[in-house]
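[1] quick one, fold the following:
(chains A, B, C and D)
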2 protein chains.
Amino acid sequence: MPQELDLRVLPRTVQEETVEKLRLAIVSGHFQPGARLVESQLCVELGISRPSLREALRSLAAERLINLVPNRGPSIPELTWEEVTAIYEVREMLEVDAVGRCSQRITKDELEKLENALSAFETATLNNDSVARITTTEDFYSIILANCGNPILEEIHRGLVARISLFRSRSMSLEGRAISSLAEMKDIYKAIAAHDEIAARSASRKHVLKAMAAAKKAMESAS
Amino acid sequence: MPQELDLRVLPRTVQEETVEKLRLAIVSGHFQPGARLVESQLCVELGISRPSLREALRSLAAERLINLVPNRGPSIPELTWEEVTAIYEVREMLEVDAVGRCSQRITKDELEKLENALSAFETATLNNDSVARITTTEDFYSIILANCGNPILEEIHRGLVARISLFRSRSMSLEGRAISSLAEMKDIYKAIAAHDEIAARSASRKHVLKAMAAAKKAMESAS
DNA sequence: TCAAGAGGATTGTCAGACATTCTTGCAATT
DNA sequence: AATTGCAAGAATGTCTGACAATCCTCTTGA
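    Just a heads-up that it's a prediction; the model follows:
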């Protein structure tokens, strides 16, 4: 059987676009934590009607990217350190497992992509390009998660990471964090390339724990 | 400071009620997998307007309890065995960890509740009460997850279990599955009561794996 | 100074409408 | 006979407009 090619041209609906735009705005920090989102205002800015906006808001609320309190409207969550810790703990569990699985099943092609993503992150780090640092990190992890062989794991991981994206970008701006992150990611890559599951899991765990520590530091210095 | 008492009477909005009603209908199997949900029809049945219904559907779609294909409307997902496997694998990871954590931090009070839930499940099993078997199992796990110390883990686990609820109830109806499930849950309870994390994790893993095997059996016999 | 109340702003919910898209059955063509 | 093309009907995507319920804020009065 030849490679199945999905030619379906999926229609882009207004809410889909809206959800994506808002999600991007949220995870990129365009809205401050605790900020109230006023429906009528957003409608104007996005150029859509209130029903469409409200549908989009429901989606985002289900993803926990916004809080939706009845009669008070949507707002950006203000995560406590306890919640952030809880998210990092689950992220650790999922990510370590994903890296381990990935090390056993990744193909040469995908491994090459992973190497490219790593190089791109290195470049971004050396150039001190804070935007590229985030996007390339995302790429690196996307490739790993896409090759872990479990789409559910991938989906949940993506959702969790989105919820703490602000802390991630803040902590990545910490002095020396990007450099040390790069070293950790190189370790992960090497272990995956060597198909060494034990080493891969170990490197991954170390990375997440350090990322959590950095996030804590960033959170404390911010408050 | 006295025990904080939250007297807030949280307003029940129409969508909240709708989401709950629909979610219950879905996980209880009131709609067949693959069934199309027609908006106008549901509006009449639920006695609500189309905008409200559509907002509720967005929430459910974000939870992956329904599929929402543009221009084709909402439908109940037809899970393949691959997807079910993927869900069970992640569930295993989360649940094993939750049981382990729970064994180290559960209080006497909560342990007693857990014992009661187990007894209730035993009664339901002996009485061959298929509805009670499901609800009491849910109770048993709710208590464990509520005491694992990580609300995110709890939340994600709940979401996953909801998605495979049909397979769970079907497999629970398999000859002998309830009895053997009861034995496994007793092992879990004993390990938790003894605060033996290793044993608790081991018993939990065994239980999930057996549940998955039973689900596979149920799925094959159904198709 | 503090409590009560009034007013405005915002959300929750509905009704109705229309364009677009999907489905389906029938006719026409090869 | 099988396939293509078309047309009618159904369902969804989206908007406008409206009104009641609720929340927030500021003023007023004690």
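
[2] the residue in chain A that chain B sits nearest to and A:Thr13, how far apart?
    Relative to chain B, the nearest point of chain A is A:Ala62 (3.2 Å; Cβ to the nearest Cβ). Backbone N, C-alpha and C define where each C-beta goes, glycine included. Distance from A:Ala62 to A:Thr13, counting by Cβ to Cβ, to the nearest Å: 17 Å.

[3] now swap in A:Ser28 and tell me
    Per Cβ to Cβ, A:Ser28 is found 22 Å from A:Thr13.

[4] then A:Ala199?
    Note on A:Ala199: its distance to A:Thr13, by Cβ to Cβ, is 45 Å.

[5] what does A:Asn150 give?
    Taken as Cβ to Cβ, the span from A:Asn150 to A:Thr13 is 28 Å.

[6] re the thing from before, who has more neighbours, A:Ala199 and A:Thr13?
    Legend: neighbour count by other Cβ atoms under 10 Å in any protein chain shown for A:Ala199 and A:Thr13, higher for A:Ala199 (18 against 15).

[7] for that one, what are its contacts?
    Taking Cβ atoms under 8 Å, 6 or more residues apart in numbering or on different chains as the criterion, A:Ala199 is in contact with A:Asp187, A:Lys190, A:Ala191.

[8] weed out the non-buried ones from the residues you listed.
    The neighbour-count criterion (16 or more other Cβ atoms under 10 Å in any protein chain shown) marks A:Asp187, A:Ala191 among the contacts of A:Ala199 as buried.

[9] let's see which of the contacts of A:Ala199 end up in helices.
    Of the positions in these, A:Asp187, A:Lys190, A:Ala191 sit in helices, assigned by DSSP state H.

[10] what about the second one, distance to A:Glu115?
    When distances are taken as Cβ to Cβ, A:Lys190 and A:Glu115 turn out to be 10 Å apart.

[11] can you check the first one too?
    A:Asp187 is 14 Å from A:Glu115, where distance means Cβ to Cβ.

[12] which residues of chain A score low on pLDDT?
    A:1-10, A:223 (pLDDT under 70).

[13] neighbours of the residue in chain A that DNA strand C sits nearest to, just the number please.
    The nearest approach of chain A to DNA strand C comes at A:Gly73, 3.0 Å away (Cβ to the nearest atom of the strand). Residues lying near A:Gly73 (other Cβ under 10 Å) number 14.

[14] list the residues that contact the residue most central in space within chain A.
    Ranked by distance to the mean C-alpha position of chain A (Cα atoms, centre = their mean), the top residue is A:Val161 at 3.7 Å. Taking Cβ under 8 Å, 6+ apart, we find A:Val161 in contact with A:Arg91, A:Glu138, A:Tyr141, A:Arg168.

[15] I'd like the residues you listed as TSV, with distance to B:Arg101, secondary structure and neighbour count appended.
    Formatted as TSV, the contacts of A:Val161 follow (distance: Cβ to Cβ, whole Å; DSSP: H, G, I helix; E, B strand; the rest coil; neighbours: other Cβ atoms under 10 Å in any protein chain shown):
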residue	distance to B:Arg101	secondary structure	neighbour count
A:Arg91	16	helix	20
A:Glu138	29	helix	18
A:Tyr141	25	helix	21
A:Arg168	25	helix	21
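
[16] ok, A:Arg168 touching A:Ala215?
    Yes. Between A:Arg168 and A:Ala215 there is a contact under Cβ atoms under 8 Å: 6.8 Å.

[17] before we move on, which element is A:Arg12 in?
    Of the helices and strands defined by DSSP states H and E, none includes A:Arg12.

[18] okay, now it: neighbour count?
    For A:Arg12, using other Cβ under 10 Å, the count is 10.

[19] ok, now how distant is A:Ala211 from A:Phe140?
    Distance of A:Ala211 to A:Phe140, given as Cβ to Cβ: 13 Å.

[20] so which of those two has more stuff around it?
    Neighbours were tallied for A:Ala211 and for A:Phe140 using other Cβ under 10 Å; the higher tally belongs to A:Ala211 (24 against 21).

[21] distance of the more buried one relative to B:Glu82?
    31 Å.

[22] go on, A:Leu24?
    Counting by Cβ to Cβ, the gap from A:Leu24 to B:Glu82 is 30 Å.

[23] pull the residues that contact stretch A:109-122.
    A:106, A:132-133, A:136-137, A:139-140, A:143-144, A:146-147, A:182, A:185-186, A:189, A:192-193.

[24] quick one, strands of chain A?
    In order along the chain, chain A carries the following strands (DSSP state E): A:67-69, A:73-75.

[25] how about the first one, does it get close to chain B?
    If I follow you right, that is strand A:67-69. No. Residues of strand A:67-69 contacting chain B under Cβ under 8 Å from any Cβ of the partner chain: none, with a closest distance of 8.9 Å.

[26] repeat that for the last one.
    No. Contact of strand A:73-75 with chain B (Cβ under 8 Å from any Cβ) is absent, the minimum separation being 12.3 Å.

[27] quick check: residues of chain A near DNA strand D?
    A:Thr13, A:Val14, A:Gln15, A:Gly47, A:Ile48, A:Ser49, A:Arg50, A:Pro51, A:Ser52, A:Asn71, A:Arg72 (Cβ under 7 Å from any atom of the strand).

[28] which of these are buried?
    By 16+ other Cβ under 10 Å, these give A:Val14, A:Gln15, A:Ile48, A:Pro51, A:Ser52 as buried.

[29] out of the residues you listed, which is nearest to B:Gln41?
    The closest of these to B:Gln41 turns out to be A:Pro51 (Cβ to Cβ; 19.5 Å).

[30] leaving out sequence neighbours, find the closest residue to A:Ala203.
    Of all residues not flanking A:Ala203 in the chain, A:Asp187 sits nearest, at 4.1 Å (Cβ to Cβ, 6 or more residues apart in numbering or on different chains).
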